[in-house]
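**Q** Dropping a prediction and its sequence here:
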Amino acid sequence: MALIEMTDLVKHYKQGRTTVRALDGVSLGIDAGEFVSVVGRSGSGKTTMLDLCGLLMRPTSGRIRIEGVDTAQLSDGRRAELRGNRIGFVFQEYNLLPSLNVLENVELPLRYTGDRALGRRRSVELLEAVGLSDKIRARADELSGGQQQRVAIARALVNRPALLLADEPTGALDTETASEFVSLLRNLNEGEGLTVMIVTHDLELAAQTDRIIRLRDGHVIEDARQLQWEREEVAV
Ligand code: ADP
Ligand code: MG
């Protein structure tokens, strides 16, 4: 069973009298444990596809199943619950609360759920994993861009999601920091079995993932799995 199953997925946006066909019939399955990138030029439908998979909006037509559940049948409340429990998001803007410290930012998603003490332990572990143990009490706005991005990842993972969705997460990072970011995702993918779907227009970054899905004008025009030796060849 796929973690995400998209079937004939269509999203049209109405703009006055014209209709933008942002996604125009996409059928794709993403299995648990995959590390996938979605590429394509600006306007090709990448963000639309990611936001649909993240249940941030509903499709015009077609179906999205998550862990076998047809999400169209769910109420907005149940969709929010599924999103909160199973999906983590990292965006290009880190959306940290600048006046809170690093730990408080990571713990934000736990405010309404779960065990506080367990949540604290998970938060501290994640901050260690992203190399920020020494910044736990620093205010978010005192950190560099790369450090803020790592806080955003820790926050996205604090609820132990099955799926991490990242939309142009390295857009504001220099090459080296972007590459560290991908290694971090790779570690989480291999270590915790985290499924990762990352939208990017950086082909070097995409080359480090296991599967590249290429969109053009709302269609999938390529869906290629890469072998490990191919990834390594690109990395050297
Ligand atoms: P990408 O992330 O690949 O740049 P998007 O999914 O953001 O592509 O956009 C796909 C198409 O849909 C583009 O033509 C874009 O202008 C249009 N679009 C995206 N969001 C909206 C919206 N909220 N309203 C109208 N058009 C939109
Ligand atoms: Mg986009």
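**A** That came through fine. Ligands and ions are numbered 1, 2, ... in the order given.

**Q** what does this structure have sitting close to ligand 2?
**A** 46-47 (C-beta under 5 Å from the ion). Heads up, the C-betas are built off the backbone N, CA and C, glycines and all.

**Q** Now the chain against ligand 2: closest residue?
**A** residue 47 (3.2 Å; C-beta to the ion).

**Q** Wait, a strand at that residue?
**A** No: with DSSP: H, G, I helix; E, B strand; the rest coil as the criterion, residue 47 is located in helix rather than a strand.

**Q** wait, doesn't it sit right on residue 165?
**A** No: using C-beta atoms under 8 Å, residue 47 is not in contact with residue 165; the gap is 10.3 Å.

**Q** What residues are bridge-paired with the nearest residue to the residue of the chain closest to ligand 2 once chain neighbours are set aside?
**A** In this structure, residue 47 finds its nearest non-sequential neighbour in residue 167, 5.7 Å apart by C-beta to C-beta, 6 or more residues apart in numbering. Legend: beta-bridge partners of residue 167 under DSSP bridges are residue 199.

**Q** So the residue nearest to residue 63 when sequence neighbours are not counted versus residue 86, what's the distance?
**A** Nearest non-adjacent residue to residue 63, counting by C-beta to C-beta, 6+ apart: residue 7, 4.4 Å away. Distance, residue 7 to residue 86, by C-beta to C-beta, to the nearest Å: 19 Å.

**Q** what does residue 191 give?
**A** 18 Å.

**Q** Neighbour count: the two, which is higher?
**A** Comparing residue 191 with residue 86 by other C-beta atoms under 10 Å, the one with more neighbours is residue 86, at 19 against 9.

**Q** If I look at that one, what pLDDT would I see?
**A** The model reports residue 86 with a pLDDT of 93.

**Q** And residue 232, by the same measure?
**A** Value for residue 232, per-residue pLDDT: 68.

**Q** and what of residue 31?
**A** 97.

**Q** What residues does it make contact with?
**A** 2-3, 195 (C-beta atoms under 8 Å, 6 or more residues apart in numbering).
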